[in-house]
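Q: 3D, please:
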Amino acid sequence: GMENMLKFYKKSEQENKDKLRGILIEAAMLGLVLPNQDFKELKYYLHPLPRNFLDLTLNSQAVVCCRVSPMQKALVVRMIKANIEGAITLAIGDGANDVSMIQEADVGVGIFGEEGTQAAMSSDYAIGEFRCLRRLILFHGRLNYMRIAEMIIYFFYKNFLFTLPQFFFAFYSGYSGQTIFDDWFVSLFNLIFTCLPLLFKALLDQDVNDDDGEFVSELIPYTYYTGREGLTFNLGTFSKNLIQSSVFSVMIFFVAVYMMHYTIPLNDDGEIADYWVTANTMFTSIIFLVNYRVLITTKYHTWVNWVIIIVTSYGLYILYFCVSSYFSFSLSRNVMKVIFKYPHFYLVVFLSMHVAFIYDVAMNFIYTNLLTNPINLLRRYVNRKDLYSNKECEDLIRKEIIAFDVRMREQFKVTRRDEEYMRKH
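A: Coordinates of the predicted model:
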C-alpha cells in the first residue's frame, strides 16, 4: 500500500510542480511503519515499509504525526538521523510528552507553557513563547553560524600566517631546528596578542540586524540560506583563506629577509640588522596584519572592538616588546634599541599591511557592490535609508530578494545528503 502511495505521490509531484505537499499520519499507522523501539543502529533502507515512509517524508514540505506517543516522536527524529547522512535535526516542544523527542534531536528547543517546564528543562534552548522561535533560528541561529564559521576560518588564517615563516626559515638555518621567533613571542601570539580581537569579533559581529526596521525584519528569513547551504564555512572558503595567508606569509618573510638582513649596512655604532632584528620585524608585521584584518572583515564596528585591538593587542605587544629588550628572559634582548633606528623596519611593516589592505578592500568592494544577494541588498538599504526608504525602492528590493531565494531553492532543491540517500536506493 505505501509503495503505491509513493508512486502516486511522485507522479502527482511531477504533474503539479508548483504545489506544496504534506502527509498526515496517525499513531496506529506510525506504529506499523516504525515498529521497532530500539533501532539506533538500524538502517531503514533495508526494510521496505520504513524506507517508503522515509521517501514520502523527503518528498514532502510538511509531515504531521498526530496522536503519537512520546516514544514515537523520538523514533521519527531518530529515523531521520539514522538514514540522512549529515542531517541536523531540530525538535520543539512545550510539554512532558515532548522530552524524548527534544533529547533525541541534535538541537532541542523547549517552550515555557501551561504544560509545565519539563520540556524547557530538557532542551538546549528555552523560550517563553512560540513566536520567539523565529528570531531564535532565523536571526540568532544564522548569526551564530556566521560568527563561529568566520572565527574558525580566521583562526587557521592567522596561524598559517604565523607558522609558515618558521617553515621557510628552516631552509636558511640548515634544518637545525632553530625557531625564527623568540619563544615568548610564540607562546603569547595566540594567548594574548591575537586572542581577544578575534573573540570579540565572534561575539559582537553582525551583518544585518533584526531591529533595523520592519522592512528588514520582514526579509530576514531570506538570509538564512547561507547557513542552510553551508556557504560561509566550506572547503572553498577554507582553502581560499589558507591560500591568502600562505601568500602573505611568503611576502612578509622574504621582504623582511631581503630588506632587513641583506640591505642594511653597519650604522654609526657598528650595529647591523642581525637575526633577531629581522625576526622581530616579521613578527611585528604579522601582529599588525592579523589584527588589522579583523577590523577590515568586521561588519559591525563598536567602540569595544577598537579598544580591544588598540589596547589589548597592539598596546600589550608594544609594551612587551619594549620591556623584553631590557630583561634577560627574552632572546631578543636589546633589539628595540636597534630596530627603531632603521627606516627599513617601518617600510616592511607598512608594505605588509597595505598590500593586504589593497587586496581586502578590493575583495570587499566586489562582494558588497557587484554581487547581488539578500544580505548585501539589506545592508545597502540600512546604510542608505535616506535613499532607499520609499515604497518603490522597497518593492524592488523585495522582488530581487525573493527572486534570489527562488533561484537558490532551485539550485539546492536536492541537497547533498538527499542525493546520498537516493543514491543508495
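
Q: checking Val63 next. Helix, strand or coil?
A: What DSSP: H, G, I helix; E, B strand; the rest coil gives for Val63 is strand.

Q: hey, where'd the helices end up in the stretch 201-350 of the chain?
A: Using DSSP state H, counting those that start in this stretch, the helices of the stretch 201-350 of the chain run over residues 214-219, 225-228, 235-256, 275-297, 303-307, 316-324, 335-339, 343-365.

Q: buried stuff in the first one?
A: Okay, so that is helix 214-219. For helix 214-219, a neighbour-count test (16 or more other Cβ atoms under 10 Å) marks 215-217, 219 as buried. Backbone N, C-alpha and C define where each C-beta goes, glycine included.

Q: what's the mean pLDDT across it?
A: Taken as a whole, helix 214-219 has a mean pLDDT of 84.

Q: repeat that for the last one.
A: Helix 343-365 shows an average pLDDT of 84 in the prediction.

Q: again with the third one
A: The average of the pLDDT scores along helix 235-256 is 90.

Q: and it, what does it pack against?
A: helix 142-172, helix 275-297, helix 343-365 (3 or more Cβ pairs under 8 Å, 6 or more residues apart in numbering; DSSP states H and E).

Q: most tightly surrounded among these?
A: Comparing the helices and strands packed on helix 235-256 by mean neighbour count (mean count of other Cβ atoms under 10 Å), helix 275-297 comes out on top with a mean of 22.

Q: could you give the angle of that one to helix 142-172?
A: Computed with axes from the mean of the first three to the mean of the last three Cα atoms, to 10 degrees, the direction of helix 275-297 lies at 160 degrees from that of helix 142-172.

Q: just how off-centre is helix 275-297 within its chain?
A: Put simply, helix 275-297 sits 24 Å off its chain's centre (Cα atoms, centre = their mean, to the nearest Å).

Q: quick one: residues contacting Asn291.
A: 193-194, 197, 309, 313-314 (Cβ atoms under 8 Å, 6 or more residues apart in numbering).

Q: repeat for Asn373
A: Phe404.

Q: 10 Å instead, please
A: Asn373 makes contact with 222-223, 225-226, 231, 367, 379, 400-401, 404-405, 408 under the criterion Cβ atoms under 10 Å, 6 or more residues apart in numbering.

Q: give me the lowest-pLDDT entry from these.
A: Scoring those by pLDDT puts Met408 last, at 76.

Q: residues in contact with the most centrally placed residue in the chain?
A: With distances taken as Cα atoms, centre = their mean, Ala149 lies nearest the centre of the chain, 1.6 Å away. Counting by Cβ under 10 Å, 6+ apart, Ala149 makes contact with 202, 226-227, 230-234, 237-238.

Q: skip the chain neighbours and tell me the closest residue to Ile88.
A: Sequence neighbours aside, Asp106 is the residue nearest to Ile88 in space, at 5.0 Å (criterion: Cβ to Cβ, 6 or more residues apart in numbering).

Q: quick check on the one you found: phi, psi?
A: phi -70, psi -40 (degrees, to the nearest 10).
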